[in-house]
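Asker: from the sequence below, what's the structure:
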Amino acid sequence: MDVFILSLFLLTIGGVSAQVIEPQSAVVLKGSQARFNCSTTQAQPVMTWLMNGLLVVNIQQNSVYNSDGRFALTNFSTPGSFKWEFMITNVLRGDNGTVTCQIFNVAPQTSTLSVQERGSVAIIGGNQTTTEGVQTTFQCQALGWYPEPTVSWSVNGVGVNTCNNTSVAQGNVFNNNCTLSVTAAKNSSVQCLAKVSAMSTPDSDTRFLTVVPKPNIRDQTILIAVTVAFSAAALLFLLIVLIIICCRRKREKSSYEEEVRRAQLQAQHRSRARGDGHGRDNRGYARDGHYGDNHNGGVWHTNQSNKHQRAYPMDDYSGTRNNRHLTMV
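Answerer: Modelled structure (predicted):
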């Protein structure tokens, strides 16, 4: 809270001395307090305080009369010094102007009161991460200040003067935008600061910049080589697996065909074994030129036990010959 003292320089008018203690101007923030002292070397029956020409406090015979609860007077008089402190609490923008102390038979003494307003300050967005050597930007907003604030940047506690600043008046306050461009070199803390003259220290907001080292070309080459080698190995492994699968399928198919052939051969062998080496008569067989002869009727018959052939006679059908054949199966 800022306290400013106003008093009267030592003046001699009609035997009465007045004293002023500088500064003769005060700059305070809205909502804070302002203090002024007015004193003489002799007690006075009347003292009045005016703001912008309007009476706000009156002292008569050590009795205080004020027009607003925000104004107060405190008596600091001592033997040989008549001194009162005038205090304004919860200062408003409308209090901006002159503050006057007037003593009976002494010329009035005036001070100037300037009321400023503190707004907000914030860096838009969060912390940033970028590659070494890459340029990045931060944007700061200072809103609701009066008068126009001073906006600045600092990186790792060192002030940075480069700031692209724009200011816009909105009503009776100012809004500022300030952009900072930095080249990433190392991990840093970035601060945006805003203040007006009534502030002893600026308000600030902080973000952090994390810098990732730039990839080494040799490291990139090694990474590419490792990636290519790994990909080739994976491809070779996949090819080997495919070849193995194809070979297994071919072997399984060959085995299946072999089993089919073996089963067919076994079936043929079993069929021949059931025949037991005996033949069957082919009753349609007849030898040419042997119809009605003495060769057993022209039909040859093979005895199953001794392989003996006999001929059986066949009927004569109008000169048409029918042959019977004996076939071994």
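Asker: low-confidence ranges in the stretch 51-200 of the chain?
Answerer: Judged against pLDDT under 70, the stretch 51-200 of the chain has no low-scoring part.
Asker: please redo it, this time with the cut-off set to 90
Answerer: Along the stretch 51-200 of the chain, segments meeting pLDDT under 90 span 58-69, 73, 75-84, 102-109, 160-166.
Asker: can you pull out the strands in it?
Answerer: Under the criterion DSSP state E, counting those that start in this stretch, the stretch 51-200 of the chain contains strands at 54-60, 63-66, 71-75, 82-88, 97-103, 109-116, 120-124, 128-131, 135-145, 150-155, 158-160, 164-170, 173-183, 188-195.
Asker: as a markdown table, these with mean neighbour count and distance to residue 28 would be great.
Answerer: Bear in mind the C-beta positions are built from the backbone N, C-alpha and C, glycine included. Shown next, in a markdown table, are the strands of the stretch 51-200 of the chain (neighbours: other CB atoms under 10 Å; distance: least, CB to CB, whole Å):
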| stretch | mean neighbour count | distance to residue 28 |
| --- | --- | --- |
| strand 54-60 | 17 | 16 |
| strand 63-66 | 12 | 19 |
| strand 71-75 | 15 | 14 |
| strand 82-88 | 21 | 8 |
| strand 97-103 | 20 | 11 |
| strand 109-116 | 19 | 6 |
| strand 120-124 | 17 | 19 |
| strand 128-131 | 14 | 38 |
| strand 135-145 | 18 | 15 |
| strand 150-155 | 19 | 18 |
| strand 158-160 | 11 | 26 |
| strand 164-170 | 11 | 22 |
| strand 173-183 | 18 | 17 |
| strand 188-195 | 21 | 14 |
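Asker: tell me which of those strands approaches residue 264 most closely.
Answerer: strand 128-131 (75.0 Å; CB to CB).
Asker: which neighbours in the sheet does the closest one have, and how are they oriented?
Answerer: strand 203-212 (parallel) (DSSP bridges).
Asker: to residue 246, which of the strands of the stretch 51-200 of the chain lies closest?
Answerer: strand 128-131 (48.4 Å).
Asker: residues contacting that closest one, please?
Answerer: Taking contacts as CB atoms under 8 Å, 6 or more residues apart in numbering, the residues outside strand 128-131 that touch it are 136, 138, 184, 207-214.
Asker: and with 6 Å instead?
Answerer: The contact list for strand 128-131, computed with CB atoms under 6 Å, 6 or more residues apart in numbering, reads 136, 184, 209-210, 212, 214.
Asker: what's the closest of these to residue 80?
Answerer: Using CB to CB, those come closest to residue 80 at residue 209, 63.3 Å.
Asker: can you redo the strands of the stretch 51-200 of the chain as CSV with distance to residue 243?
Answerer: Shown next, in CSV, are the strands of the stretch 51-200 of the chain (distance: least, CB to CB, whole Å):
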stretch, distance to residue 243
strand 54-60, 103
strand 63-66, 105
strand 71-75, 100
strand 82-88, 96
strand 97-103, 98
strand 109-116, 85
strand 120-124, 61
strand 128-131, 45
strand 135-145, 53
strand 150-155, 62
strand 158-160, 66
strand 164-170, 66
strand 173-183, 56
strand 188-195, 58
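Asker: and of the contacts of strand 128-131, the nearest to residue 71?
Answerer: Taking those together and measuring to residue 71 by CB to CB, the closest member is residue 209, at 49.8 Å.
Asker: so the closest one makes contact with residue 186?
Answerer: No. Contact criterion CB atoms under 6 Å: residue 209 and residue 186 do not qualify, at 8.7 Å.
Asker: more neighbours: those two, which one.
Answerer: Using other CB atoms under 10 Å, the more surrounded residue of residue 209 and residue 186 is residue 209, with 20 against 10.
Asker: which residues does that one contact?
Answerer: 128, 188, 190.
Asker: tell me who's in contact with residue 212.
Answerer: Residue 212 touches residue 131, counting by CB under 6 Å, 6+ apart.
Asker: please begin residue numbering at 27 from this point
Answerer: Fine by me, first position is 27 from now on; the one you just mentioned is residue 238.
Asker: partner residues bridging it?
Answerer: Going by DSSP bridges, residue 238 forms beta bridges with residue 157.
Asker: pick out the most distant pair among the contacts of strand 154-157.
Answerer: 235 and 240 (15.2 Å).
Asker: distance from whatever helix or strand residue 274 lives in to the middle of the chain?
Answerer: Residue 274 is part of helix 243-301 when elements are defined by DSSP states H and E. Distance, stretch centre to chain centre, for helix 243-301: 50 Å (CA atoms, centre = their mean, to the nearest Å).
Asker: please apply the same query to stretch 66-73.
Answerer: Distance, centroid of stretch 66-73 to centroid of chain: 70 Å (CA atoms, centre = their mean).
Asker: likewise stretch 183-191?
Answerer: On CA atoms, centre = their mean, the centre of stretch 183-191 falls 27 Å from the chain's centre.
Asker: next: stretch 219-238.
Answerer: 24 Å.
Asker: output that stretch as CSV, nothing but the C-alphas.
Answerer: Output of stretch 219-238 as CSV, limited to C-alpha atoms (Å, rounded to 0.1, in the frame of the first residue of the first chain):
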residue,chain,number,x,y,z
LEU,A,219,5.9,-8.8,-17.1
ALA,A,220,3.4,-5.9,-17.0
LYS,A,221,3.3,-2.8,-14.7
VAL,A,222,2.3,0.8,-14.3
SER,A,223,4.3,3.4,-12.4
ALA,A,224,2.3,3.0,-9.2
MET,A,225,3.6,-0.5,-8.9
SER,A,226,6.9,-1.2,-7.2
THR,A,227,7.2,-4.6,-8.8
PRO,A,228,5.6,-5.9,-12.0
ASP,A,229,3.0,-8.6,-12.3
SER,A,230,4.2,-11.6,-14.3
ASP,A,231,3.2,-14.9,-15.8
THR,A,232,5.7,-17.8,-16.6
ARG,A,233,6.0,-20.6,-19.1
PHE,A,234,8.7,-23.1,-19.7
LEU,A,235,10.5,-23.9,-22.9
THR,A,236,12.0,-27.5,-23.2
VAL,A,237,14.6,-27.8,-26.0
VAL,A,238,15.2,-31.2,-27.7
